[in-house]
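Visitor: kindly return the folded structure for what I paste below:
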Amino acid sequence: MRRTMNVLAGAAAGFTLALSCQAVSAGEPGTGKGENLLVFVGQKIGLAEQKAPSCDNCIMLDSHYVAEYRILETVHGNYRGNTITFDVYDHYGAPAFSRFDTVLLYVSRRPDGSWVHEKYQFNDLYKGRDGEWYGCGDPYGSAPHPPRTVRAQAVEFATPVSYPLDGMSREKIERFYPAGYFEIRDGRAVCLLGTSVAGLFEAKKETVLAARGIFR
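Guide: The predicted structure is shown next:
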């Protein structure tokens, strides 16, 4: 009986692993200094959904896309070229970053030299009157118990930045567009504070990228 249970438990564990299909960080293991990470300001050239790979006794939970982006500015890492192609895996369909014109993206180099997006990690960016790129709102996003070493600041954007609130509950508005960082006006969340790309990257290093072992 015990042996049967162990076999069933092993099979269940294997199926559970198969369900995962894609790790949140699929880059090549490094020393914790982000040597396999590329962080860049990018603009979309193309995004194409891929056919789900076939496998035995597994369910693909993530949609697979191949993205091509133009690199406007490299924030961290080494890469030769003005464009980059990388894989994207997203449980919710088309990746959220593809909805914005300009984004700060985080991709990791695999052992075979190809690139894969660090799952769900990006910052949408907007140009300030000083010519620099900034992200809106809290630089730590929804990260739990962040160190708060990076602080958003008042930014004069080249054009006003706001987000539509259509259909959002008050709870979600308070979560995604907290007071102090945004002002709710005429059905939109108007950006009040922003953070430079260097600050956004630092906030990621201290939270998500540290949790994934990319930085220590």
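Visitor: show me the strands in the protein, by range?
Guide: 37-49, 63-76, 83-90, 102-109, 115-127, 133-136, 153-154, 162-164, 182-185, 188-191, 193-196 (DSSP state E).
Visitor: okay if I get those as JSON lines plus mean neighbour count?
Guide: In this view, the C-beta of every residue, glycine as well, is placed from N, C-alpha and C. Below are the strands of the chain laid out as JSON lines (neighbours: other C-beta atoms under 10 Å):
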{"stretch": "strand 37-49", "mean neighbour count": "17"}
{"stretch": "strand 63-76", "mean neighbour count": "16"}
{"stretch": "strand 83-90", "mean neighbour count": "18"}
{"stretch": "strand 102-109", "mean neighbour count": "24"}
{"stretch": "strand 115-127", "mean neighbour count": "20"}
{"stretch": "strand 133-136", "mean neighbour count": "24"}
{"stretch": "strand 153-154", "mean neighbour count": "9"}
{"stretch": "strand 162-164", "mean neighbour count": "15"}
{"stretch": "strand 182-185", "mean neighbour count": "16"}
{"stretch": "strand 188-191", "mean neighbour count": "19"}
{"stretch": "strand 193-196", "mean neighbour count": "22"}
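Visitor: how close does the closest residue to residue 51 other than its chain neighbours get to residue 114?
Guide: Using C-beta to C-beta, 6 or more residues apart in numbering and skipping residues adjacent in sequence, the residue nearest residue 51 is residue 64, 7.9 Å away. According to C-beta to C-beta, to the nearest Å, residue 64 and residue 114 sit 13 Å apart.
Visitor: common neighbours of those two, please.
Guide: Common neighbours of residue 64 and residue 114, counting by C-beta atoms under 8 Å, 6 or more residues apart in numbering, are residue 87.
Visitor: isn't residue 215 right up against residue 208?
Guide: No: look at residue 215 against residue 208 with C-beta atoms under 8 Å: they stay out of range, at 9.7 Å.
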